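Asker: fold the stuff below for me.
(chains A and B)
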Amino acid sequence: MDNSKRKLSLGQKQSLAGWAFLTPAVLFIAVMSFLPMIQALFLSFKSGAGANLSWTGVTNYVRMFQDPVFMQALKNNFIYLIIQVPIMLILALILASLLNNKDLRFKGLFRTAIFLPCATSLVSYAVIFRSLFAVDGLVNTVLIKLGFLSTGYNFLGHPNSARIVIILALIWRWTGYNMVFYLSGLQNIEYSIYESAKIDGASPIQSFWGITVPLLKPTILLTAIMSTNGTLQLFDESVNLTYGGPSNATITMSHYIYNVSFKYVPNFGYAAAMSYLILFLVAVLAFLQMKVGDKRD
Amino acid sequence: MTKGKKLLAYVFLTVVSLLSVFPLYWMMVAATNKSVAVSRGTLMFGTELINNTKKLFASQNVYGAMGNSFKYSIVMTLVSLFICSIAGYGFEIFHDKAKDRVMSIILLAMMVPFAAIMIPLYQMFSKADLLNSTLGFILPSISTPFLIMMFRQSARSFPVDIMEAARLDGLNEFQIFCLMFVPTMRSTYAAAMTITFMNAWNSYLWPKVIMSDASSITMPMMVANLKSGYVTDYGTLMLAVLLCTIPTVIVFFLLQKSFAEGITGAVK
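Answerer: Prediction:
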């Protein structure tokens, strides 16, 4: 009797210790993520300049769909998402499955080289790419020397080429990052599966689609959700690579929200409404991806 | 693999590796050359490093920005690792229904876009007089679901028998965490450290929002300030980029091996 009572209190004691351990982290997330999220929701139904806000209902939500700059930003985020994410993830998968091959040498060297871009800050690589693709930058110099161009092409001065530069830069910066996740996932797959598939006469391409992709599905889903989330929140590249230009043609939603909040006459309510659209898109796309991910089981 | 296919694989990997490294090589080349030489397309290291350094340090408060970046990132890494690792440990070792439910709510925070909470946070922090401070820099991302999840995952492999023995020896729960869990989870800590330090060092949007004083700016902010203006001095600009990149590259190389192990633990 006495013994069981002591055991119970010991269990309770441990449960309490557990709560004590996780409380600081949970409190920080509650105050630094969930609370501002709720405040932003209220804010999104208000309007006005600076601190003079008044309730305006859904005006902000109507306004953003009539705002040509925001519509352009929304379109840009989706262009980056639809073109860049699939190219990057497929490239990362191919690289990871090549580097998982036991017959190849120098794998450590290749892996380090391909991951290295991830060590550069977003501002740094944006500035590097801006300089490389400047009118007097290296890319133009090489193209002129090779005879493809007679004078420097203003890559960042034309909407489509500027978007392509952003996409190239994103692929450069993030492919190695996703590759590391795939390499880790591949370590959980028994290598002997590949060897027996080979004995059965499967080509490397068949093993890739038949073994690697299905078994890596959870990791692919994780990276797809992370990349979608990241792409919808693009900021540094738009600000530092193209300045959002030419004339807002490459601006992203986060960049525009920043401008509306801190650069122009601040309109926190309108900015909050636009940020809620990002949250909505992130949530819907994550949900869809999880659905698609489940279906193929 | 046949010889031909192997060769093809090597060629492909070599091309991708070169493309990955080239912009960084070019950055170093540009940092040692005059702006004119950079525009002319030089790919050889030059002799202008000292001149570029003098120009950069004369025009920008490099020591200040560097010092700030180190201060913010180190404090963030230390505090964040402690708070998140102890939470991940708590969630896994003492898990019950209520704690699991709290964990799944916390994971929702991963989806919150920063742009959405930036304005309320800014208002909160300016009221609390936290603008331009280290505390202001670290608070919003001191506790992240990603890190908590990583430590929770690795705590799964922590042997519970040892804990019972330690309890019998009279250690309390906090001592067990510090003396037994922390030393055995070195590779997870290394991976978490790499990720947290890099994220803190590279963060740009939040510091741009709250660091309004010139004396509080970070390295990425300094680099971003440098590139404005009509004429770009590529030499000094790339030197600044290089200085902003070196610390994270060093951290990455020091912790590379444990980083890969730690990520593997988290993906499982």
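Asker: and the helix or strand where residue B:182 lies, what's buried?
Answerer: Applying DSSP states H and E as the criterion places residue B:182 in helix B:182-184. For helix B:182-184, burial by neighbour count (16 or more other C-beta atoms under 10 Å in any protein chain shown) applies to residue B:182. The C-beta positions use only the backbone N, C-alpha and C, and glycine is treated the same way.
Asker: and the residue nearest the centre of the chain?
Answerer: Since you didn't name a chain, this refers to chain A. When C-alpha atoms, centre = their mean is applied to chain A, the residue found nearest the centroid is residue A:230 (2.1 Å).
Asker: hmm, no, I was thinking of chain B.
Answerer: Nearest to the mean C-alpha position of chain B, by C-alpha atoms, centre = their mean, lies residue B:198 at 1.4 Å.
Asker: just checking, that residue touches residue B:250?
Answerer: No. Assessed by C-beta atoms under 8 Å, residue B:198 is found out of contact with residue B:250, at 11.1 Å.
Asker: quick revisit: list the contacts for the residue nearest to the centre of chain B?
Answerer: By C-beta atoms under 8 Å, 6 or more residues apart in numbering or on different chains, the contact list for residue B:198 reads A:118, A:119, B:248, B:251, B:252.
Asker: just send those residues back as TSV, with distance to residue B:3, pLDDT and secondary structure too.
Answerer: Formatted as TSV, the contacts of residue B:198 follow (distance: C-beta to C-beta, whole Å; pLDDT from 0 to 100; DSSP: H, G, I helix; E, B strand; the rest coil):
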residue	distance to residue B:3	pLDDT	secondary structure
A:118	33	88	helix
A:119	35	86	helix
B:248	39	90	helix
B:251	40	88	helix
B:252	35	84	helix
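Asker: still on that earlier bit, what about the residue nearest to the centre of chain B, distance to residue A:115?
Answerer: Distance, residue B:198 to residue A:115, by C-beta to C-beta, to the nearest Å: 12 Å.
Asker: circling back: give me the pLDDT value at the residue nearest to the centre of chain A.
Answerer: Looking at residue A:230, its pLDDT reads 90.
Asker: distance check, residue B:100 against residue A:31.
Answerer: Residue B:100 sits at a distance of 22 Å from residue A:31 (criterion: C-beta to C-beta).
Asker: rewinding a little: and the helix or strand following the helix holding residue B:182, what's buried?
Answerer: For helix B:182-184, the succeeding helix or strand toward the C-terminus, using DSSP H and E, is helix B:186-202. By 16+ other C-beta under 10 Å, the buried positions in helix B:186-202 come out as B:187-202.
Asker: which residues of the chain score low on pLDDT?
Answerer: I went with chain A, as the question did not name one. Residues of chain A meeting the criterion pLDDT under 70: A:1-8, A:50-51, A:294-297.
Asker: that's the wrong chain, I wanted chain B
Answerer: Chain B contains residues with pLDDT under 70 at B:1, B:227-231, B:260, B:262-268.
Asker: can you pull out the strands in chain A?
Answerer: For chain A, applying DSSP state E gives strands covering A:46-47, A:54-55.
Asker: could you identify which of those is most buried?
Answerer: Among the strands of chain A, ranked by average contacts under mean count of other C-beta atoms under 10 Å in any protein chain shown, first place goes to strand A:46-47 (a mean of 20).
Asker: returning to that earlier point: which among the contacts of residue B:198 end up buried?
Answerer: Of these, these count as buried by 16+ other C-beta under 10 Å: A:118, A:119, B:248, B:251, B:252.
Asker: distance of the nearest residue to the fourth one once chain neighbours are set aside from chain A?
Answerer: Nearest-residue entry for residue B:251: residue B:197, 5.3 Å, with adjacent residues in sequence omitted and distances by C-beta to C-beta, 6 or more residues apart in numbering or on different chains. Between residue B:197 and chain A the distance, using C-beta to the nearest C-beta, to the nearest Å, works out to 11 Å.
Asker: ok, residue B:197 - contacts?
Answerer: Residue B:197 sits next to B:73, B:74, B:76, B:77, B:248, B:251 when contact means C-beta under 8 Å, 6+ apart.
Asker: do the same with residue B:74
Answerer: Taking C-beta under 8 Å, 6+ apart, we find residue B:74 in contact with residue B:197.
Asker: recalculate using a threshold of 10 Å.
Answerer: Residue B:74 makes contacts with B:134, B:197, B:200, B:201, as judged by C-beta atoms under 10 Å, 6 or more residues apart in numbering or on different chains.
Asker: same question for residue A:283.
Answerer: Per C-beta under 10 Å, 6+ apart, neighbours of residue A:283: A:229, B:108, B:111, B:112, B:113.
Asker: quick one: buried ones out of those residues?
Answerer: Buried, going by 16+ other C-beta under 10 Å: A:229, B:111, B:112, B:113, out of these.
Asker: list the contacts for the third one?
Answerer: Applying C-beta under 10 Å, 6+ apart to residue B:112 gives the contacts A:29, A:32-34, A:36-37, A:40, A:229, A:275, A:278-279, A:282-283, B:145.
Asker: narrow the residues you listed to just the buried residues.
Answerer: Applying 16+ other C-beta under 10 Å to these, the neighbour count classes A:29, A:32-34, A:36-37, A:40, A:229, A:275, A:278-279, A:282, B:145 as buried.
Asker: hmm, back to that, turn the contacts of residue B:197 into JSON lines, including distance to residue A:129.
Answerer: Below are the contacts of residue B:197 laid out as JSON lines (distance: C-beta to C-beta, whole Å):
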{"residue": "B:73", "distance to residue A:129": "24"}
{"residue": "B:74", "distance to residue A:129": "29"}
{"residue": "B:76", "distance to residue A:129": "27"}
{"residue": "B:77", "distance to residue A:129": "28"}
{"residue": "B:248", "distance to residue A:129": "18"}
{"residue": "B:251", "distance to residue A:129": "23"}
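Asker: so which of the residues you listed comes closest to chain A?
Answerer: Using C-beta to the nearest C-beta, residue B:248 comes nearest to chain A of the contacts of residue B:197, at 4.8 Å.
Asker: how about the closest one, what does it touch?
Answerer: A:118-121, A:124, B:73, B:194, B:197-202, B:219.
Asker: can you tell me how far residue B:139 is from residue A:27?
Answerer: Noted for residue B:139: a distance of 11 Å to residue A:27, by C-beta to C-beta.
Asker: more neighbours: which of the two?
Answerer: Taking other C-beta atoms under 10 Å in any protein chain shown, residue B:139 and residue A:27 do not tie; residue B:139 has more neighbours (22 against 12).
Asker: would you agree the more buried one is in contact with residue B:131?
Answerer: No. Under the criterion of C-beta atoms under 10 Å, residue B:139 makes no contact with residue B:131, lying 11.7 Å away.
Asker: now do the shared contacts for the two.
Answerer: Contact criterion C-beta under 10 Å, 6+ apart; residues shared by residue B:139 and residue B:131: B:125, B:210.
Asker: redo the contacts of residue B:112 as CSV? Include distance to residue A:204.
Answerer: Shown next, in CSV, are the contacts of residue B:112 (distance: C-beta to C-beta, whole Å):
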residue, distance to residue A:204
A:29, 44
A:32, 47
A:33, 44
A:34, 47
A:36, 49
A:37, 47
A:40, 49
A:229, 32
A:275, 45
A:278, 40
A:279, 42
A:282, 36
A:283, 38
B:145, 37
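Asker: so which of those residues comes closest to residue A:159?
Answerer: Checking these against residue A:159 by C-beta to C-beta gives residue A:278 as the nearest, at 22.0 Å.
Asker: isn't the closest one up against residue B:113?
Answerer: Yes. If you go by C-beta under 10 Å, residue A:278 and residue B:113 touch, sitting 4.5 Å apart.
Asker: list residues touching both of the two?
Answerer: Counting by C-beta under 10 Å, 6+ apart, the common neighbours of residue A:278 and residue B:113 are A:229, A:232, A:233, A:253, A:254, A:257.
Asker: now do the same contact list for the second one.
Answerer: Contact partners of residue A:232, counting by C-beta under 10 Å, 6+ apart, are A:74, A:77-78, A:80-81, A:252-254, A:277-279, A:281-282, A:285, B:113, B:115.
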